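Colleague: Below are the sequence and a predicted model for it; my questions follow.
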Amino acid sequence: MSESTTNLFVTAIGIYFLIGFFVGLIYMFGGAGRIDPAAKGKGLPLRVRLLILPGTIGLWPIMLMKLFVQKEPPVS
Amino acid sequence: MSHDYKAVQWTPFKKRFDLWMLAGIILYLIGFIVVGEVTQPPGESIHPVQAVMRATGTLAFLLLTFILCIGPLARMTDRFKPFLYNRRHLGVTTFLIGLIHAALVMMWYHGFSETNPFVSLFISNPRYESLSGFPFEVLGFGALLIMFLMAATSHDFWNANLGPGVWKALHMGVYVAYALLIAHVALGAIQFEKSPAYVGLLVAGATSVFALHVGTGMMTLRGRDRPETDGWLKVANVTDMEDARAKIVRPAKGEAIAIFRDGDKVSAVSNVCRHQGGPLGEGRIVDGCITCPWHGFQYRMEDGQSPPPFTEKIATYATRIIDGVVYVNPEPNVPGTPQTPSQIGATS
């Protein structure tokens, strides 16, 4: 892999995680409660909000899709 | 059970477990660094950063090896059940130790050039065609990335919102991470280290994981319960069934079944908890409800439903008692379907 290709690859990964961070913020402040009634308001304390941030950063495409598509609450 | 999320569902045992784990980790790191310093040949000193790098690297490998051995070992002996129930904390800890190792590597070997350290990681050694000079750090990076996804999605929120199937599939990635880690060590540390201890550690670790999985896999295949002539599976003699406890039966197809005795009643439900797939049959009956040993999720014996206001349901199964022997029908009812318990002392 040449340096320029690698630069492009690393930049793409960086952008992926940056978008994930913003989607994570959306989840931390309301998004989680929208897909999961158990995570509404006090159901999701700040410490748990912080805990779900890294996962949303990694899996943001799935979580973003859930935010718009999911109509049924999760099983548990 | 639908409830407010908590950062960690602490129990006194979990607190003790984590304290012991932390103490063990600190002892290992100190011990590794001290022994490494003492046994270092004269004139071949290593920098403290390198010593910590090696200590965290070997510890992450040992912990991941142990984590992968816990499942099979817990099926062989109850002694490993406490580790099974606290595997999540071990997994997250392993990722954090691997992260410290990776951060030190990035700083020490890639942090002092003008090139972006992450770009440097991929291009500083382009010998992808060589076996002995393979850029092994990339393999470790891949393993860490998988472990990050697993650690980041270890909270109950993820299990509930990704769904048990996706969550489980994602977490099966631990085997890919372990394979990458073995390649990372074999093509990395093993190529440079003179001490045979590293080779021994790698071979013993990989062999243990492989042998334990193959061994318990064969045990499960042999132990699959065979249907009786009319399709019902023999469970046990009533006298062998402990009160408030269960016997677990594994049909040739489908989920394992937990058959509970509560006083003079016998009922059967799926062995798989809806919360995180915990083994219900290893739990007990508390306040008339089947209680999962992992996080205390509860289900009623008679219909497999969580008591109100909770809404989780598991499959129920028909049971019968003939001549003092308990049988279960391996065909599951729809989750939450009421199923009359068999009465000990009466023919059902």
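Modeller: Yep, it's here.

Colleague: Going by C-alpha atoms from here, please, whenever you check contacts or count neighbours.
Modeller: Fine.

Colleague: how about the residues of the stretch 51-200 of chain B that lie near chain A?
Modeller: Taking Cα under 8 Å from any Cα of the partner chain as the contact definition, the stretch 51-200 of chain B meets chain A at B:118-119, B:122-123, B:126, B:149, B:152-153, B:155, B:157-158, B:160-161, B:163.

Colleague: Okay, and the residue nearest to the spatial centre of chain A sits in which element?
Modeller: Computing the C-alpha centroid of chain A and ranking residues by Cα atoms, centre = their mean puts A:Thr56 first, at 2.4 Å. Element membership for A:Thr56 (DSSP states H and E) is helix A:46-58.

Colleague: And A:Leu18, by the same measure?
Modeller: According to DSSP H and E, A:Leu18 maps onto helix A:3-26.

Colleague: And for B:Val326?
Modeller: Applying DSSP H and E as the criterion places B:Val326 in strand B:325-328.

Colleague: so after that strand, what's the next helix or strand?
Modeller: Following strand B:325-328 toward the C-terminus (DSSP H and E): strand B:342-343.

Colleague: mind checking the SS state of B:Tyr5?
Modeller: Following DSSP: H, G, I helix; E, B strand; the rest coil, we place B:Tyr5 in the coil state.

Colleague: Mind pulling up the pLDDT for it?
Modeller: Looking at B:Tyr5, its pLDDT is 82.

Colleague: is it true that it touches A:Gly41?
Modeller: No. B:Tyr5 is beyond contact range of A:Gly41, at 10.7 Å (criterion: Cα atoms under 8 Å).

Colleague: More neighbours: which of those two?
Modeller: Neighbour totals were compared for B:Tyr5 and A:Gly41, and B:Tyr5 leads with 20 against 14 (other Cα atoms under 10 Å in any protein chain shown).

Colleague: List phi and psi for that one.
Modeller: For B:Tyr5, the backbone dihedrals (degrees, to the nearest 10) come out as phi -80, psi 150.

Colleague: Which secondary structure elements does the helix holding A:Leu18 sit against?
Modeller: Applying 3 or more Cα pairs under 8 Å, 6 or more residues apart in numbering or on different chains; DSSP states H and E, one finds that helix A:3-26 contacts helix A:46-58, helix A:60-69, helix B:117-123.

Colleague: 6 Å instead, please
Modeller: Packing partners of helix A:3-26 (3 or more Cα pairs under 6 Å, 6 or more residues apart in numbering or on different chains; DSSP states H and E): helix A:46-58.

Colleague: Direction-wise, compare the helix it packs on with helix A:3-26 and give the angle.
Modeller: Helix A:46-58 runs at 150 degrees relative to helix A:3-26, counting by axes from the mean of the first three to the mean of the last three Cα atoms, to 10 degrees.
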